[in-house]
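Chemist: Sequence first, then the predicted structure, then my questions.
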Amino acid sequence: MIASIPSATLLGVRGRSVSVEVHVDGGLPAFNVVGLPDAACRESRDRVRAAVLSSGLTWTLHRVTVNLAPTGVRKGGAALDLPIAIGVLVASEQLPASAVEGCGFIGELGLDGSLRPVPGVVSLVDALSTRAVVVPAPSAGEAALLGRHVVRVARTLRELVGSLKRLAPWPEPRPPATSPDAGSSPYPDLADVRGQPLGRWALEVAAAGGHHLLLVGPPGSGKTMLAQRLPGLLPPLSPEQALDVARIHSAAGRGTAGGLPTRAPFRAPHHGASSVSLVGGGSGTLRPGEISLAHQGVLLLDEMAEFPAAVLDALRQPLEEGVVRVARARASVTFPARFLLVGAMNPCPCGEGSVPGRCRCSPAARDRYARRLSGPLLDRFDLRVAVERPGVRSLLGGEPGEPTPAVARRVAQARAVAAQRGTACNGELPARRLDEVAPLSVGASRLLERRLRAGALSARGLDRVRRVARTLADLDGSFGKLEEEHVCSALELRSGLSGMAAS
C-alpha cells in the first residue's frame, strides 16, 4: 500500500513543501529513505522504528520505501520524522487514510515516542497548503502565528494515533506565554545617560533616518551605554515586519511562542565572532547569522576594531542591499538583513587617544589601529561621532536628559514623514529619488560642491550626506529644500573622525 503525507523542509528561512511517500510491500524486511535526504533524514529510520515500537504499535515486517518528493530538492533536519512515522502506519493499514486527510505533520520523534520541536516551525507551517497541521506541543504557539491553519498538537506518537483514530480528544494547546517584549520597553532609558549632547543627538538622528552610526571615544565615555538605548527609540514593528522577524528567529532555533514580536530586535555579538556566525550559512544546515537576527532592528558591534578585518568587510554588501546571499555547492539561500549598524571603538590601542597627554601609542600604532576599518566600510557609516567622557558636573549633579518616550515620539513623526514618501526611513531612499525628495538650496549645493572638489567627499558619501540632511530637516519640521544649515550639520555628524579614512 502507498501513503502520501504532507510535510515541509527548511532551506534558509523559507519552508518548502515535501510529500512523504511511503510504500510497503512484500519482500525481506528493509527500510530505505530516498529523495536527497541529509544525514538527519537518513537517521530517521532508526528513530521512527524505535518510536513506533515504544508507542505500543506494530512495526511492519515488510520492505518499506520512503520517498521525499520532490526528489530534486535536498531535505534536511529531523522535522520529517513524524510524517514518515504516520506514513508507515497508514501504508501498513494501522491507520485509515481518511484519518490523515487534509492534515500536514511536522516534528521530530524521540526513541520513546515523544514529539520534539524543531527549528523553523513558522516557515515550515507556512509552506503547507493543508487545512490542519500537527506539531509538537511546544511548537503550537509558533505554528499559530500565521493564522491560516487549524493547529493540532500531541505530546507522544501514541497520543497522536489515538486522536487520529478518534479514540481520544485532541489535546488542548497550552496558552501562549507572554511575549518577552510585551508591556514595558525591554531597553534601558535614554534618561540614564548624563551629558553627551552630541551622542544623544546622533542617536536620535540615527533612529529617525535609519542611518548607520559609528561611535569613537575612550573607555568609559558611554559608547555602549548610548548604543544599547537606540532600539528603544525605534517604532514598533508592523505586522509584516514582525512576521519576518519571527520567521528568522524560528529558523535559527529561537522560538517565538509568546506571539509576534513587537519591538525591534537587538543583537550584540562578541568581537571573536566568525564570519559565518555573523553573516550566516554553514557547511550543513544553512542558518541565519547575527545580522539576519538583527533584521528590522539594531546590530551593535562593540569594540569594533577588534573584529577580524574579513568579518567586518563581509558586512559591506548587506549594508548596501539589505540581504545576504549565501551560496554553497548544494544550495543557495537569501537571508533578510535590513538592520541598523552601530559600531563602537576606541580611538587607539590604549584607548586614550582623544585625551591630550594621556595617549601612550606611537603615531604608527595609531595609524594601524585606524586602518582596521577599511575605507569602503567606513564610507557606509552615515554618522561618525567622537564621544568624550562626560564632565564631573554632568555625572554628579547634572540634570537627566530626555527620556526615551519623548525622543521616540519625534523619531516616529520623522518616520511618518518618510513613509509618506514611500520609504520606511530616509536611510533607504534610492539615489535616483534624492533630487526629488532632497533638493538642495543654492547655499547647500555650493557647500557640497566645495567638499567634492577638495576630495573630502565621495559620490557615495554625497548621497549619504543628503539623506542625513533630509532627516535633520524632517526633525526640524522643514519639508522643502535642504538648507545650508542642515547640510552643515550632516557634514559635522559625518566628520567626527578626521584622519581615519576618506569621507
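Modeler: Here it is on my side, so go on.
Chemist: Neighbours of the residue lying closest to G102 once chain neighbours are set aside, how many?
Modeler: Distances taken as C-beta to C-beta, 6 or more residues apart in numbering put R131 closest to G102, at 4.7 Å, once the chain neighbours are dropped. For the C-beta atoms, the positions are set from N, CA and C on the backbone; glycine is no exception. By the criterion of other C-beta atoms under 10 Å, R131 has 12 neighbours.
Chemist: Just list the residues touching R131, thanks.
Modeler: 102-103, 149-150 (C-beta atoms under 8 Å, 6 or more residues apart in numbering).
Chemist: Please apply the same query to L226.
Modeler: Contacts of L226 (C-beta under 8 Å, 6+ apart): 193, 196, 199-200, 203, 215, 387.
Chemist: Quick check: closest non-adjacent residue to R494.
Modeler: R494's closest residue in space is R384 (C-beta to C-beta, 6+ apart), at 5.7 Å.
Chemist: Packing partners of whichever strand or helix holds that neighbour?
Modeler: According to DSSP states H and E, R384 maps onto strand 383-386. Applying 3 or more C-beta pairs under 8 Å, 6 or more residues apart in numbering; DSSP states H and E, we find strand 383-386 packed against helix 197-209, strand 213-216, helix 484-494.
Chemist: Look up how far L300 lies from the residue nearest to R494.
Modeler: As defined by C-beta to C-beta, to the nearest Å, R384 lies at a distance of 16 Å from L300.
Chemist: which residues touch the closest residue in space to L164 that isn't next to it in sequence?
Modeler: Once flanking residues are discounted, L164 sits nearest to A99: 4.3 Å by C-beta to C-beta, 6+ apart. A99 makes contact with 90, 164-166, according to C-beta under 8 Å, 6+ apart.
Chemist: Of the contacts of R131, which count as buried by neighbour count?
Modeler: 103, 149 (16 or more other C-beta atoms under 10 Å).
Chemist: count of neighbours near the residue nearest to R358 when sequence neighbours are not counted?
Modeler: In space, and not counting its chain neighbours, R358 is closest to E352: 4.1 Å by C-beta to C-beta, 6+ apart. Each residue near E352 was counted by other C-beta under 10 Å, and the total is 17.
Chemist: Likewise for the one 10 residues further on?
Modeler: Summarising burial for S362: neighbours were counted as other C-beta under 10 Å, giving 11.
Chemist: got a pLDDT number for it?
Modeler: With respect to pLDDT, S362 scores 85.
Chemist: between the contacts of A99, which is closest to D474?
Modeler: L164 (57.9 Å; C-beta to C-beta).
Chemist: so where's the stretch 201-350 of the chain uncertain?
Modeler: Applying pLDDT under 70 to the stretch 201-350 of the chain picks out residues 255-258, 283-284.
Chemist: all strands of it, in order?
Modeler: Assigned by DSSP state E, counting those that start in this stretch, the stretch 201-350 of the chain shows strands spanning 213-216, 266-267, 280-281, 287-288, 298-302, 323-327, 332-336, 340-345.
Chemist: before we move on, what about the stretch 1-150 of the chain?
Modeler: 2-11, 14-25, 30-34, 63-69, 103-105, 108-109, 115-116, 132-136, 150-154.
Chemist: and L434, which of the three is it?
Modeler: helix (DSSP: H, G, I helix; E, B strand; the rest coil).
Chemist: Grab the nearest non-local neighbour of it.
Modeler: When the adjacent residues along the chain are set aside, L434 lies closest to R466, with 5.2 Å between them (C-beta to C-beta, 6+ apart).
Chemist: next one: D25
Modeler: Distances taken as C-beta to C-beta, 6+ apart put R63 closest to D25, at 5.7 Å, once the chain neighbours are dropped.
Chemist: okay if I get the helices and strands packed on strand 383-386 as JSON lines plus distance to E172 and mean neighbour count?
Modeler: JSON lines is the format used below for these (distance: least, C-beta to C-beta, whole Å; neighbours: other C-beta atoms under 10 Å):
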{"stretch": "helix 197-209", "distance to E172": "42", "mean neighbour count": "23"}
{"stretch": "strand 213-216", "distance to E172": "47", "mean neighbour count": "27"}
{"stretch": "helix 484-494", "distance to E172": "55", "mean neighbour count": "20"}
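Chemist: W170: how many residues sit nearby?
Modeler: Neighbour tally, W170, other C-beta under 10 Å: 18.
Chemist: was I right about it contacting V153?
Modeler: Yes: under the criterion of C-beta atoms under 8 Å, W170 makes contact with V153 at 7.5 Å.
Chemist: ok, now how distant is A314 from S292?
Modeler: 13 Å.
Chemist: And the pLDDT for the residue nearest to G102?
Modeler: 95.
Chemist: measure it to L89 for me?
Modeler: Where L89 is concerned, R131 sits at a distance of 21 Å (C-beta to C-beta).
Chemist: residues near the spatially closest residue to P186 that is not a sequence neighbour, how many?
Modeler: The spatial neighbour of P186 that comes closest, neighbours along the chain excluded (C-beta to C-beta, 6+ apart), is R263 at 6.4 Å. Using other C-beta under 10 Å, R263 has 22 neighbouring residues.
Chemist: quick one on the thing from earlier: quick one: which of the contacts of R131 is nearest P117?
Modeler: H149 (16.5 Å).
Chemist: and the closest one, what does it touch?
Modeler: 104, 125, 128, 130-133, 143.
Chemist: ok, which stretches of the stretch 401-503 of the chain are helices?
Modeler: Ranges of helices in the stretch 401-503 of the chain, per DSSP state H, counting those that start in this stretch, are 404-420, 434-437, 442-453, 459-476, 484-494.
Chemist: Great, nothing more from me.
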